[in-house]
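Colleague: Give me coordinates for this.
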Amino acid sequence: MMLVLLVLYVIFRNQIIPQTRHALEEKANAVARTVALMPMVAEGLSQGRSREIQAYTSQITGSNDILFVVVIDMDSIRFSHPDPSLIGKPFAGGGQEAALRGEESVSEGEGMLGKSVRSFVPVYNEKGKQVGAVVVGVSLERVHRLVRRNDWTIIAILLSGALLGAGGAIVLARKIKNMMLGFEPTDITRLLEERSAMLQSVREGIIAVDHEARITMINVEAERLLGTAGITGGVMSRHIGEYWPELHLEQVLATGEAKRDQLLELNGITVLSSSVPIRVDGEIAGAIATFRDKTELAVLAERLSGISVYADALRAGAHEFMNKLHVIMGMVHMGLYDDLRQYISGTVSNYQQEIGQITSRIKDPVMAGFLLGKLSRAREAGIQLLLAEDSYLPESADTGDMHELITIVGNLLDNAMDALEEQCIREIELAFDYDEDCKQLICSVWDSGPGIPEALRERVFTQGFSTKGEHRGIGLYLVKTSVEKLHGRIRLRDDGRPGTAFDVEVPYAVKDEETV
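Modeller: All right, here's what the predicted structure looks like:
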């Protein structure tokens, strides 16, 4: 700051001296031209009368704060002077030659009154003939005095600026340090490096935007996912609506409400995204979105769902088996061995018959095992789950399609079981119809529950919508997502019966056909 002020002082001082001198020269020129244009001055010079000229110039000298006003004729004889005794004598100091030739001029000189800056202006009579000249002088001492005065003014202003600047710098430094929570620059550098390393190491894609929805940060994983989707190029400072409009971060900034676990399509890639606003002192300063490829999550979910289904089936089977063991134990204690033999034979026969019915109609082993687990769970819940007699499901040629189909059937059955919790008649019908000519599979699920009101039918597939409370409304949304992924369609069927019926139609490739 002191260096800047010193440079400013040199610049100002180099400018103020010539400007002050030039201002005084202009003042002398103006006074000289005014006097030269007065008719009485030209008449006095023509007629050799100096009294009127002396009186007039004395008045001009006093009112304009100048050193002298001297009027001379063409022979350089004074007609006026601050010292009346010098009137009639030749002009001293020289420099009047140009003026007597009809030219205006400015020069420095030293005369009876000391050193001065003098302005020379020719005087013409009414006929245009030059009859003399006017000399107006400004003391050089006055010029130096004004320069010194301006010099001290400049120094005072710059010192005041230095004090104010230093005070402002101290206040600003304290303010900035408070904003930085007392951290030193080295601490901030270390924290930023740690933050960058952390953000770049996570397996989720991360995008941050400011309050204007412009991208301020993106990590390596986000760039990789977006690059896989074909979105490339510079992203920093770009508007998120132009870069990835489906993310809807503008809505998060506008409403201040977080959006969690949203399924989004990104040029053929399905990602699971969560967006939250960033608040600073209660104000929304930006938003951050994290997302991950749903395919990776689906692989994990498939493993977990397989374990879950297996565990569900084992738990239901164990519960049912314990009930049968209690019956067997009671018959043994009572000695009813013939009845016990018939009971065991009937139980084994029913179990084998149930397995036979499933495996004879459902040729895909994954779906067959899944349905056996659902049958056990339905019996445990007191629900009658029936597989239509004319159902037929050949083995799938694509394990990925079968995973999506299990997601569809599983969520429809779970929703149906939830709908029957408070019902007296608790029945569910499941049917598979494979059209060999069209290579289409139709899956139907009906339950004897209360049904879905007409006003809500358009909203049941919306993520988060549920009439059962918070943190629900995912099942039918996942069903719709899987149906769309298989390029199929789903509809609510109204067949006149009470309850709810869903029909799902999807393309279905059979394993034997692909083998051929």
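
Colleague: okay, CA-based contacts and neighbour counts for the rest of this
Modeller: Noted.

Colleague: now the strands: where do they sit in the stretch 251-400 of the chain?
Modeller: 259-266, 269-280, 283-293, 384-387 (DSSP state E, counting those that start in this stretch).

Colleague: Of all the ones you listed, which one is nearest Leu100?
Modeller: Among the strands of the stretch 251-400 of the chain, the nearest to Leu100 by C-alpha to C-alpha is strand 283-293 (78.6 Å).

Colleague: Check which residues of the closest one are buried.
Modeller: 284-293 (16 or more other C-alpha atoms under 10 Å).

Colleague: Mind putting those into JSON lines with distance to Ala416 and pLDDT?
Modeller: JSON lines is the format used below for the buried residues of strand 283-293 (distance: C-alpha to C-alpha, whole Å; pLDDT from 0 to 100):
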{"residue": "Ile284", "distance to Ala416": "42", "pLDDT": "88"}
{"residue": "Ala285", "distance to Ala416": "45", "pLDDT": "87"}
{"residue": "Gly286", "distance to Ala416": "42", "pLDDT": "90"}
{"residue": "Ala287", "distance to Ala416": "39", "pLDDT": "90"}
{"residue": "Ile288", "distance to Ala416": "38", "pLDDT": "89"}
{"residue": "Ala289", "distance to Ala416": "35", "pLDDT": "89"}
{"residue": "Thr290", "distance to Ala416": "33", "pLDDT": "87"}
{"residue": "Phe291", "distance to Ala416": "32", "pLDDT": "85"}
{"residue": "Arg292", "distance to Ala416": "31", "pLDDT": "81"}
{"residue": "Asp293", "distance to Ala416": "30", "pLDDT": "77"}
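
Colleague: Among the residues you listed, which one sits closest to Leu172?
Modeller: Closest to Leu172, out of all of the buried residues of strand 283-293 and judged by C-alpha to C-alpha, is Ala285, at 22.2 Å.

Colleague: was I right about the closest one contacting Arg214?
Modeller: No - taking C-alpha atoms under 8 Å as the definition, Ala285 is not a contact partner of Arg214, at 11.4 Å.

Colleague: just to revisit the earlier point, make a markdown table from the strands of the stretch 251-400 of the chain and add distance to Ser360 to it.
Modeller: Shown next, in a markdown table, are the strands of the stretch 251-400 of the chain (distance: least, C-alpha to C-alpha, whole Å):
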| stretch | distance to Ser360 |
| --- | --- |
| strand 259-266 | 37 |
| strand 269-280 | 36 |
| strand 283-293 | 38 |
| strand 384-387 | 11 |
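
Colleague: Ser46 is in contact with Gln130, isn't it?
Modeller: No - Ser46 is beyond contact range of Gln130, at 9.6 Å (criterion: C-alpha under 8 Å).

Colleague: before we move on, the earlier item: between the strands of the stretch 251-400 of the chain, which has the poorest mean confidence score?
Modeller: In terms of mean pLDDT, the lowest-scoring of the strands of the stretch 251-400 of the chain is strand 259-266 (a mean of 78).

Colleague: For whatever helix or strand Ser46 lives in, report the contacting residues that lie outside it.
Modeller: For Ser46, the host element (DSSP states H and E) is helix 39-47. Contact partners of helix 39-47, identified using C-alpha atoms under 8 Å, 6 or more residues apart in numbering, comprise 35-36, 50, 52-53, 72-73, 79, 123-126, 131-132.

Colleague: For Arg379, state which of those is nearest.
Modeller: Arg379 has its nearest neighbour among these in Val35, at 125.1 Å by C-alpha to C-alpha.

Colleague: Next one: that closest one relative to Thr216, how far apart?
Modeller: To Thr216, Val35 is 73 Å away according to C-alpha to C-alpha, to the nearest Å.

Colleague: Quickly list the domain ranges of the chain.
Modeller: Split into domains by automatic domain parsing, the chain comes to 2-146, 187-293, 336-515.

Colleague: Need the distance between the two termini of the second one.
Modeller: Same thing as domain 187-293. Its start and end residues considered, domain 187-293 measures 35 Å (C-alpha to C-alpha).

Colleague: before we move on, what about the first one?
Modeller: Between the opening and closing residues of domain 2-146 lies a distance of 26 Å (C-alpha to C-alpha).

Colleague: pLDDT on it, on average?
Modeller: Throughout domain 2-146, pLDDT has a mean value of 84.

Colleague: what's the spacing between it and its chain's center?
Modeller: Put simply, domain 2-146 sits 69 Å off its chain's centre (C-alpha atoms, centre = their mean, to the nearest Å).

Colleague: same question, the shortest one
Modeller: Average the C-alpha atoms of domain 187-293, do the same for its chain, and the two points are 10 Å apart (C-alpha atoms, centre = their mean).

Colleague: cool, and the last one?
Modeller: If you compare the mean C-alpha spot of domain 336-515 with that of the full chain, they lie 46 Å apart, counting by C-alpha atoms, centre = their mean.

Colleague: quick one on the thing from earlier: now the helix holding Ser46: buried residues?
Modeller: Across helix 39-47, burial judged by 16+ other C-alpha under 10 Å covers 40-45.

Colleague: Could you export that helix as CSV, CA atoms only?
Modeller: This file holds the C-alpha atoms of helix 39-47, laid out as CSV (Å, rounded to 0.1, in the frame of the first residue of the first chain):
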residue,chain,number,x,y,z
PRO,A,39,-11.2,51.3,-25.9
MET,A,40,-9.8,53.7,-23.3
VAL,A,41,-6.4,51.8,-23.4
ALA,A,42,-6.1,52.1,-27.2
GLU,A,43,-7.2,55.8,-27.1
GLY,A,44,-4.8,56.6,-24.2
LEU,A,45,-1.9,55.1,-26.1
SER,A,46,-2.9,56.9,-29.4
GLN,A,47,-3.3,60.3,-27.6
